[in-house]
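Engineer: have a look at this prediction, sequence included:
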Amino acid sequence: MFKKLRNLATTKLAGKILCRIVHFYCATFRLTVVNENEWLNDLEQGRRVILCAWHQQFFSVIRHFKRYKKYFPSLMISQSRDGEIIANIAEQTGWHTVRGSSSRDGGVALKEMVARLTKPGHGLAGHILDGPRGPAGVVKSGIISMAQATGAVIVPIFVKAEKAWYFHSWDKFMLPKPFSRVIINFGERIHLPPLQSASDFEDQRLMLQTIMQPYLEP
């Protein structure tokens, strides 16, 4: 029965229904958005932007991210069955999904993300730093490759919820409770300098990981 329900959840119709449920649920949050204007101004001026967050915290931003659909944003999502469910919701929210991950077709997906980011009027992308299967709190290399290939600025996202449930999953997935105060904080923009040596890539990955890890909950 559970398998049949999961299969049903991957359909386009289910995606529309789930998207409405998610948006309705997120509408109950007492939402505060911090430091959004700077990177939006960059985007309006034709610069490229990659928003990034931990897998644990992405649910809280789904409804708010609908406002960015006019920028034709892209998001890489795994080819798993759960990824199909998330992709359906993302597509309904106005985000173009590129299917692939570090463990499956990652190179092809990364090339498509780069191609979309460099297309005029499509300079916004989202990236889950430790998805789709972790380990939690470890930044994978894709975002560094993407930023280096496109010259995009990286904008970290930190989410705080006044009251939340934390799942017993690999990422301790956070689900804010209804009517909880939720803060979406966009961190300072990160401009990566061009790579000068083989060690620079890993240094940049660790730098981003060091910035992001203190905001992993709990």
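Structural biologist: Happy to help now that I have it. Numbering: from 1, shown residues only.

Engineer: so Leu175 makes contact with Phe167?
Structural biologist: Yes: using Cβ atoms under 8 Å, Leu175 makes contact with Phe167 at a distance of 7.1 Å. For glycine as for every other residue, the C-beta is placed from the backbone atoms N, C-alpha and C.

Engineer: who has more neighbours, those two?
Structural biologist: Legend: neighbour count by other Cβ atoms under 10 Å for Leu175 and Phe167, higher for Leu175 (14 against 11).

Engineer: what about the helices in the chain?
Structural biologist: Applying DSSP state H to the chain gives helices spanning 2-9, 12-26, 37-44, 81-92, 106-117, 142-150, 198-212.

Engineer: hmm, who's touching the longest strand along the chain?
Structural biologist: For the chain, the longest strand by residue count, based on DSSP state E, is strand 153-161. Strand 153-161 is touched from outside by 39, 42, 47-53, 57, 60-61, 143, 147, 174, 176-177, 180-192, 208, 211-212, 215, 217, with contacts defined as Cβ atoms under 8 Å, 6 or more residues apart in numbering.

Engineer: report the angle between the axes of that strand and helix 142-150?
Structural biologist: 150 degrees (axes from the mean of the first three to the mean of the last three Cα atoms, to 10 degrees).

Engineer: give me the mean pLDDT for strand 153-161.
Structural biologist: Averaged across strand 153-161, pLDDT comes to 97.

Engineer: okay, the angle between that strand and helix 198-212?
Structural biologist: Using the same axes, to 10 degrees: strand 153-161 against helix 198-212 is 30 degrees.

Engineer: keeping just the C-alphas, turn strand 153-161 into CSV.
Structural biologist: Only the C-alpha atoms of strand 153-161 are listed here, as CSV (Å, rounded to 0.1, in the frame of the first residue of the first chain):
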residue,chain,number,x,y,z
VAL,A,153,27.7,34.9,-6.7
ILE,A,154,26.8,32.4,-3.9
VAL,A,155,24.1,33.5,-1.4
PRO,A,156,23.7,31.2,1.7
ILE,A,157,20.3,30.8,3.2
PHE,A,158,19.8,30.2,6.9
VAL,A,159,16.4,29.3,8.3
LYS,A,160,15.3,29.6,11.9
ALA,A,161,12.0,28.5,13.3
